[in-house]
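>>> Let's see this in three dimensions:
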Amino acid sequence: MNYKESLMKDILPFWLGDAIDKKYGGIFTCLDEMGNIYGEEKSVWFQGRALWTFSKAYNVIEKNTAYLEAAKNIYAFLPKCEDTDGRMYFTVTCDGKGIQKRRYYFSETFAAIGCAEYYVASGEKDALLAARKYFDIAYECFTGKRKNEPKFKPETHDFKALSPVMIMLSTAQTMRAIDTERYNFYAKIAKDCVHEIVNGGFLTEKALLENVTADGSFSDTPTGRIVNPGHSMEAAWFLISEGLLTDNEEIVNIGKKVIDITYPLGWDKKHGGIIAFTDVLGKPPVQLEWDMKLWWPQCETIIAARLAYDVFKDEKYLQICRETERYCEKYFVDHANGEWHGYLHYDNTVSNTLKGNIFKGPFHIPRLYMIMASLDRGNSIRDYMLSKN
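As a prediction, the model looks like this:
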């Protein structure tokens with residue numbers, strides 16, 4: 001697959017049409033299979049994620065003014081997505097009025113990386129200051145300095161989750177690469193996140209678990225047995241990247257281990273593709289969509305396997321990478337209308353014709369294409385993180 005060419009001619013153009021809101025600013029992500037808008041509610045996650053995507057594409061793929069203009073438009077819309085306490089909403093109206101606000105601080109982490117990458121693209125110092133502001137708010141939430149209502153009652157359901165830790169790791173990695181004045185601050189956070197992923201109870205001999213008890217113990221419950229193969233593969237390449245960026249061979253090897261234990265759990269041997277959820281002990285998963293194939297776990301699997309192959313030169317990782325690529329080309333890529341389908345049934349028939357919603361937009365797929373294009377040019381993951389073309 002020619003990732004750079006496909007990114008420039010298919011993936012990014014799909015999102016550069018009606019999705020960019022010329023009236024109010026920002027980006028719509030509720031697009032049907034043809035790219036038509038079917039809903040004007042805006043995902044705040046994707047204001048930050050799309051800002052990052054178009055800025056990163058401008059920095060590492062092509063100095064295309066359309067990318068920079070889209071990024072500038074979205075960047076200007078971000079402040080409208082903030083509540084009076086400085087926190088960001090989860091969804092807003094087309095003109096930026098708050099609809100829903102969640103306890104999660106992922107809107108802030110994605111805004112941080114978006115503003116940081118836009119700073120590289122535009123040179124606007126205010127964008128770096130905005131990135132710091134959003135990161136600091138997210139980190140205050142992450143550490144508990146900013147109090148958020150717990151999702152569950154701690155006295156009866158005291159769990160900690162993998163996803164906040166891995167997203168904070170990835171966010172700190174991006175900020176460290178760009179905001180060099182605070183390098184040590186971000187480096188310490190990244191190191192702490194790696195330690196938590198590896199030693200906090202999530203990593204076992206069988207799987208990288210989604211949830212463990214607050215003290216890091218395994219819970220033989222539906223919540224405690226959940227494995228999200230997409231998250232595990234994503235965490236694997238975050239770990240490999242961190243090991244390479246910090247010259248820590250042990251962390252690189254742990255990332256490889258995560259791939260080794262996740263792939264057998266996640267790959268559908270009959271129909272192909274990475275499934276959405278599984279139970280580490282083989283009991284019935286509580287998620288009814290457990291055997292569906294979603295777009296983003298496939299992306300993370302390709303990246304993880306490619307990085308592992310580049311580091312270890314073991315053909316089994318190249319085979320995983322190529323097999324997943326072929327699977328996506330056959331079932332996910334919409335050769336007629338562009339971009340990817342987002343949701344497939346277990347047998348790879350299309351579940352929903354939408355190309356975007358509150359959770360699917362220009363991030364996982366273009367990130368895959370940008371990383372692979374960079375690696376195909378002979379660049380290292382360090383070059384990619386530093387936005388070196």
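>>> Strands of the stretch 251-389 of the chain, start to end?
Applying DSSP state E, counting those that start in this stretch to the stretch 251-389 of the chain gives strands spanning 278-279, 293-294, 343-344, 350-352.
>>> now stretch 4-20: mean pLDDT?
Confidence for stretch 4-20, expressed as mean pLDDT, is 97.
>>> State the three-state secondary structure for the residue located most distally from the centre of the chain.
Of all residues in the chain, residue 155 has its C-alpha farthest from the mean position, at 31.3 Å, by C-alpha atoms, centre = their mean. Secondary structure, DSSP: H, G, I helix; E, B strand; the rest coil: residue 155 is coil.
>>> Nearest to residue 385, out of the strands of the stretch 251-389 of the chain?
Closest of the strands of the stretch 251-389 of the chain to residue 385 is strand 293-294, at 25.6 Å (criterion: C-beta to C-beta). C-beta: built from backbone N, CA, C; applies to glycine.
>>> could you dump the lowest-mean-pLDDT helix or strand in the chain to CSV, C-alpha only?
When the helices and strands of the chain are scored by mean pLDDT, DSSP states H and E, helix 381-385 comes last with a mean of 88. Written as CSV, here are the backbone C-alpha positions of helix 381-385 (Å, rounded to 0.1, in the frame of the first residue of the first chain):
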residue,chain,number,x,y,z
ILE,A,381,9.8,6.8,15.1
ARG,A,382,11.9,9.6,16.7
ASP,A,383,11.9,11.5,13.4
TYR,A,384,8.2,11.1,13.2
MET,A,385,7.6,12.3,16.7
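>>> Which positions in that helix come out as buried?
Neighbour-count burial for helix 381-385 flags 381, 384, 385 (criterion: 16 or more other C-beta atoms under 10 Å).
>>> show me the contacts for the last one.
The one in question is residue 385. Contact analysis of residue 385 by C-beta atoms under 8 Å, 6 or more residues apart in numbering lists 173, 174, 177, 241, 245.
>>> Likewise for the first one?
Shown in contact with residue 381 (C-beta under 8 Å, 6+ apart): 240, 241, 244, 245, 307, 371, 375.
>>> If we use 10 Å, what do you get?
Neighbour list for residue 381: 173, 237, 240-245, 303, 307, 310-311, 371, 374-375 [criterion: C-beta atoms under 10 Å, 6 or more residues apart in numbering].
>>> Specify which member of those is nearest to residue 94.
Minimum distance to residue 94 across these is 31.7 Å, recorded for residue 371 (C-beta to C-beta).
>>> most packed of the strands of the stretch 251-389 of the chain?
strand 293-294 (a mean of 26; mean count of other C-beta atoms under 10 Å).
>>> Show me what it is packed against.
Contact analysis of strand 293-294 by 3 or more C-beta pairs under 10 Å, 6 or more residues apart in numbering; DSSP states H and E lists helix 315-331, strand 343-344 as its packing neighbours.
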